[in-house]
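# only geometry, no sequence info:
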């Protein structure tokens, strides 16, 4: 605890932590001032993300980058799972699906591209273990197939009945979860040695002891979940104030803030030439959402939701996920990176963002 | 001949050969009992496939894995060609096209994926000659382009007239056959050395003498063709009994049984760490169907069929072939394999199978 | 000057230069005889292309293949820019877009494929620097995304209004130009060493002195632009005489003749085992058109055109650009080439050409 306070004293960024209690107070007192809550929650998420990043790195220092990346991705997505569950219970399936698709696209393109760029601005050429990146890209490809094929095969010839789509979604969900489980078995157990880190990252500051790191991880994750909920509640109305379309908010703003914690870790890893950690967080988080969070939500909708949810996405979202997956496949092919690779990936993301930002309303 | 009988005595699987005459007898006596004929023909195909596999391996032991794979693929597809010709003469173009698309998908995804999985369960990491795999994947890509582009370019702007599609199909067919011929020239003649096997396969049992192997190949191929014809005749009605959709039968069941012989060889090769043989059979068979069997059928339809057949496929089938080709391109990129690669490829196939299985009727 | 005349005396191909003044004379005297002007302009472009190729090689001998390729691509595209500007001022946006798409497809598929084939017929296996090829393929991928995503995202759910498309096109154009500028910074400045040529090309004839080479480049480029203008003016009516569809003329004939000069250089480089030069010209020219010429035309349409032009292409053209980009990505992955790779790429182009040639009218 003393070590944690010392850390906070020395890192000015962490002083923003003061906004966490401020946010909770205002949420109780003035739940209607959405724009204020929106700004406060963004200010509160930043230091929490930084704290989470530091704790993850301390754990990763002991477990290796692959496990560390998985741990970070899982904790980051826990937040998204919490939020999605709330929306699921309310039956807001459009919101659930937009947040799933947005998280996949943002993690695959923005987090990966910015990691390449930030790392590349400091290091001339960076190498990373491409076996790990390829397995993740392969998983994303599988998940995209599961979302593309049903609609391609069925819509091609006739208007598919809802019963067909729902039954198929359950089957595909079970299959995706199985694939995700087998990928864990493969990367953490049977072929563990293939996923060893390629680079010799910098040592960085002395890591925290394991106990403190794990306690921080748990505590901060809870705080992030609470702050995120306020953020989601305020973002739509604040967006109108700032003149943003609902599609832009759903796919870009929510996804960016929701992934702030993972991004802090990914970017910090890239700057320290530990690109395996960054790629592991970015693609690992995306594939976890696609192959675990999304199918679990489909299955849970039978228990919690008012009606069953299916895996059928808005066609524009499917195209974006498909292109994000192809970009990841192409880019991770070589296992090397320089700043311009990051620029290319970020530009693909920018195309999405610009399109969604300018899109006339009545889309989701 | 003595050696063949000895082989049969020692291999219990081959005792199933007794079902071959039983099947022919019942086909004469009770041509109406489709479910019985269906079960009997599946039972008869299994030992024939095993025999074919053993004969091919004996030939491959002398000619090298690439030529052996080509030989095996060609003999396996001969069966499909025989069946398709019968359907062609009857003018059943929907059936012909479904069997073509089904064979391409099944060979590319199921046969390749299961080879990777079965080989990977026995060997930690397997290597294979990626030059050969890439050429085959490139040929598949070309064939898929030939099927995608005409409909994409024409349907995009207006309903294409039948005359345009037919004329174009003839031109594309000639081009695909030329490409296939040139690929033979490339892989068997001018750049032969690039296709040499990468791995040091196990020696296996003593191979048969060449004469016996070739005689077995010829005789068993004829038997497989006869059995397959009965199988195709009974499968649709038997499928109704088992509650399967016509699309599932056409794309999955027929293709799986029709490729049983090649699969036996491919899987046996993978278990013996001769993955070049497996990849050669799987992708070689798929590209042969796409670039040789399909275009030859289009051209022959002018001589044999009641009306000309074109190369335009059901959009769902085109999407499935496109994804199968992309999967093959992505997977064969590295020239290495482990069990999880097989799982990924099989899962893509499973998505197809599930979708087709649940698809409401009125599709083909 | 003396050296130039000596060169012309020794190279029979350059005797065709006599058709340049002949063409200009007939264009003044008989501006209505389109078929004659068409034939004369093709005859005049060939020797100019040869001259341009020789001058470029002399420059490349001093600057290295990457810079030489860029220079060649830029000069070649200058012609296309000149022609497109004329069409832009006349408000013929369909023609402008067809020539952009046609140039991208022809450079990516025909020029690259023919270089691989011609080089491969002389050299058994050729190696080239795949880093450069990949960056160009990545740029093409980005440009294709910029053309695919807006229509995919918007058309998917509603008929996009013209205002949305135009505003988005301006944003995307600025982004593409920025990406192109950054790629220059990357390949010519920060990571220059990654783009060094892989092969040890033949020395070839003694290069011209720098002054003569640059003067020839400038002068011949102007002549090519003038001849091209006559060619474009006569091609449509001559095409009717030869029985070609407008789509075939726009995408194939104009693009082939317009790129004649670059092709001469690319093919000559391939024959001399300097495949980096060929790949640099082919893909460099394609990406320059996609990321520089096209967006600049969009922006200039606000100043010069009667109405603003957008980046939205005919769906068939988008599919062709997408497939051309995928082909480039797949093919350049290995950094090695043999004649059959060229055949594969050319066959993809042939599919486009056949489809456009047979396409019933009323398409562009």
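Great, that's in hand. For clarity, every value in this text was computed on a predicted model and none was experimentally measured.

# dump the residue contacts of residue A:255.
Residue A:255 makes contacts with A:99, A:102-103, A:105-107, as judged by C-beta atoms under 8 Å, 6 or more residues apart in numbering or on different chains. Quick note: C-beta positions are derived from backbone N, CA and C, even for glycine.

# and it, helix, strand or coil?
Three-state call for residue A:255 (DSSP: H, G, I helix; E, B strand; the rest coil): helix.

# Check the spacing between it and residue A:142 real quick.
According to C-beta to C-beta, to the nearest Å, residue A:255 and residue A:142 sit 21 Å apart.

# before we move on, what about residue A:175?
9 Å.

# Common neighbours of those two, please.
B:347, B:351.

# Neighbour count: those two, which is higher?
residue A:142 (26 against 18; other C-beta atoms under 10 Å in any protein chain shown).

# wouldn't that one be in contact with residue A:179 here?
Yes - between residue A:142 and residue A:179 there is a contact at 6.0 Å, judged by C-beta atoms under 8 Å.

# shared neighbours, those two?
A:291, B:344, B:347.

# What residues of the helix or strand of chain A with the lowest mean pLDDT count as buried?
Ranked by mean pLDDT, DSSP states H and E, the weakest helix or strand in chain A is helix A:65-89, scoring a mean of 74. The neighbour-count check on helix A:65-89 (16 or more other C-beta atoms under 10 Å in any protein chain shown) flags A:65-77, A:79-88 as buried.

# on that earlier part again, among the contacts of residue A:255, which one has the most neighbours?
Result: residue A:107 is most packed of those (other C-beta under 10 Å), 32 neighbours.

# Kindly state the pLDDT recorded for that one?
pLDDT recorded at residue A:107 is 94.

# Show the pLDDT at the closest residue to it other than its chain neighbours.
Distances taken as C-beta to C-beta, 6 or more residues apart in numbering or on different chains place residue A:286 nearest to residue A:107, at 3.9 Å, with adjacent residues excluded. Residue A:286 is assigned a pLDDT of 93 by the prediction.

# what's the burial count for residue A:286?
Counted with other C-beta under 10 Å, residues neighbouring residue A:286 total 31.

# tell me which parts of chain A are close to chain C?
Selection of chain A residues close to chain C by C-beta under 8 Å from any C-beta of the partner chain yields A:124-125, A:314-316, A:319-320, A:323, A:327, A:330-331, A:333-334, A:338-341, A:343-344, A:347-348, A:350-352, A:354-356, A:358-360, A:362-363.

# Show me which of these are buried.
Listed as buried from the residues of chain A next to chain C are A:314-316, A:319-320, A:323, A:327, A:330-331, A:333-334, A:338-341, A:343-344, A:347-348, A:350-352, A:354-356, A:358-359, A:363; burial here means 16+ other C-beta under 10 Å.

# Checking the residue lying closest to residue A:306 once chain neighbours are set aside next. Helix, strand or coil?
Excluding the flanking residues, the one nearest residue A:306 by C-beta to C-beta, 6+ apart is residue A:91, at 4.3 Å. Following three-state DSSP, we place residue A:91 in the coil state.

# Assess the claim that residue A:91 and residue A:308 are in contact.
No - taking contacts as C-beta under 8 Å, residue A:91 lies outside contact range of residue A:308: 10.7 Å.

# rewinding a little: what is the nearest of the shared contacts of residue A:142 and residue A:179 to residue C:24?
The nearest member of the shared contacts of residue A:142 and residue A:179 to residue C:24, counting by C-beta to C-beta, is residue B:344 at 62.5 Å.

# From residue A:51, how far out is residue A:219?
If you measure residue A:219 against residue A:51 using C-beta to C-beta, the figure is 9 Å.

# More neighbours: which of those two?
Set residue A:219 next to residue A:51 and count neighbours by other C-beta under 10 Å: residue A:51 wins out with 25 against 15.

# Chain C versus that one, what's the distance?
34 Å (C-beta to the nearest C-beta, to the nearest Å).

# Pull up the gap between that residue and residue A:218, please.
In this view, residue A:51 and residue A:218 are 12 Å apart by C-beta to C-beta.

# repeat for residue A:91
The gap separating residue A:91 from residue A:218 is 30 Å, by C-beta to C-beta.

# likewise residue A:149?
Here the criterion is C-beta to C-beta. By it, residue A:149 lies 39 Å from residue A:218.
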